[in-house]
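> Build me a model from this:
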Amino acid sequence: MPVSLRPLRTPVSYRAALRSARAAALLAPYATPRVAATVRENLRLVYGEADPLLVRAIYAHFGAAFVDLLFFNRLFDPERIEEHFPFSGDGLEHYRATKPPAAVFATGHFGNWELYGAAFQHMGITVSPVAREQDGRFAKWLDGFRARQGQTTIDKKNALPLALKALKAGRCVAFLIDQAAGRHGIPVPFLGQTAYTFTAPAALAIKLDLPLYAGYATRIGDGVRYRCFSETVSTDGGVEETTLRLNRRLESYVAAAPEQWWWFHRRFKPPRSQRRGKKVSPAGVPVTEGAE
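I've put the predicted structure just below:
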């Protein structure tokens, strides 16, 4: 079904918040120099340079995505869900034809992963995201937001038994696969670098013979408008090959919209044993003696 191009509801307070977020994005790299150094070094590792316009676009995107999250309950109209969240890929159709409904889902810090989870709930698909427990007021607010969207967060520290329980209850378990896994992951290529990557999504899908999906939400306009992609992922070849496929899927999205990936992570840092006693760059990667 074609997506309507009619403007979505955007109250004055939302537009003012967007303007403020985008203005703050111009100052944020100067206000957070250590974080900005990580962003720039990650960009240099991947692209050979840190384009100032791309750095600015990264901060601007996540400022807007944060505003969308805060205003979601005011802006989202269930009657216009296909305008808010147009879906593409074979994943949604495949999932709905699969019984039982349990499945493993892999996504990443791209676009707006929180609203991506909300989109699935409003499509009638219950998701349990795996996430590290956080402290603070915003973390509590975020837990409440997920709960209002029908999501039960699985604590990363105790993920395996809780994920198995959720899967047995017929829920989709979603993993964010683009954080540095250290000694708990395997080294596989990502964006031209070696990236230690968690294998849990691939391992669970293979062990339990469950369908595996990958997908992301790309911001395409103001007013909570995200194109949601999901596709089936083959588990042929085992855990390592499947994990590589998941990384390649995310790579294609970063290539298309690099400003929408979370460059703030030290994604390419190796396990601590490889960093111990060595000088490391802002990206957490050991620096070769004599290198600038």
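
> right, and residue 208 touches residue 163 too?
No. Here residue 208 does not reach residue 163: they are 9.8 Å apart, not a contact under CB atoms under 8 Å. Every residue, glycine included, has its C-beta placed from N, CA and C.

> And those two? Which one has more around it.
Of the pair residue 208 and residue 163, residue 163 is the one with more neighbours under other CB atoms under 10 Å, namely 22 against 14.

> for the helix or strand hosting that one, packing partners?
Secondary structure from DSSP states H and E places residue 163 in helix 159-168. Helices and strands touching helix 159-168, by 3 or more CB pairs under 8 Å, 6 or more residues apart in numbering; DSSP states H and E, are strand 127-131, strand 154-155, strand 172-176, helix 200-208.

> Repeat the analysis, applying 10 Å as the threshold.
strand 103-107, strand 127-131, strand 154-155, strand 172-176, helix 200-208 (3 or more CB pairs under 10 Å, 6 or more residues apart in numbering; DSSP states H and E).

> For these, could you give me CSV that also reports mean pLDDT and distance to residue 92?
Formatted as CSV, these follow (pLDDT from 0 to 100; distance: least, CB to CB, whole Å):
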stretch, mean pLDDT, distance to residue 92
strand 103-107, 95, 11
strand 127-131, 90, 13
strand 154-155, 88, 22
strand 172-176, 94, 11
helix 200-208, 95, 17
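
> Could I get the buried residue list for the longest strand along the chain?
For the chain, the strand with the greatest residue count under DSSP state E is strand 212-221. The neighbour-count criterion (16 or more other CB atoms under 10 Å) identifies 212-219 as the buried residues of strand 212-221.

> averaged over its residues, what pLDDT does that strand have?
For strand 212-221, mean pLDDT rounds to 95.

> could you list every residue that touches the residue lying closest to residue 182 once chain neighbours are set aside?
Among residues not flanking residue 182 along the chain, residue 271 sits closest, at 4.5 Å (CB to CB, 6 or more residues apart in numbering). With contact taken as CB atoms under 10 Å, 6 or more residues apart in numbering, residue 271 is in contact with 180-185, 187, 196.

> what's the most distant pair in those?
Based on CB to CB, the longest span within the contacts of residue 271 runs between 184 and 187 and measures 12.0 Å.

> who touches both of the two?
With CB under 10 Å, 6+ apart as the test, residue 184 and residue 187 both reach 196-197, 271.

> closest to residue 69 among those residues?
Out of the shared contacts of residue 184 and residue 187, the member with the shortest distance to residue 69 (by CB to CB) is residue 197, at 26.1 Å.

> Give me the nearest residue to residue 39, chain neighbours excluded.
residue 263 (4.6 Å).

> That neighbour looks like it's in a strand, true?
No. Using DSSP: H, G, I helix; E, B strand; the rest coil, the secondary structure at residue 263 is coil, not a strand.
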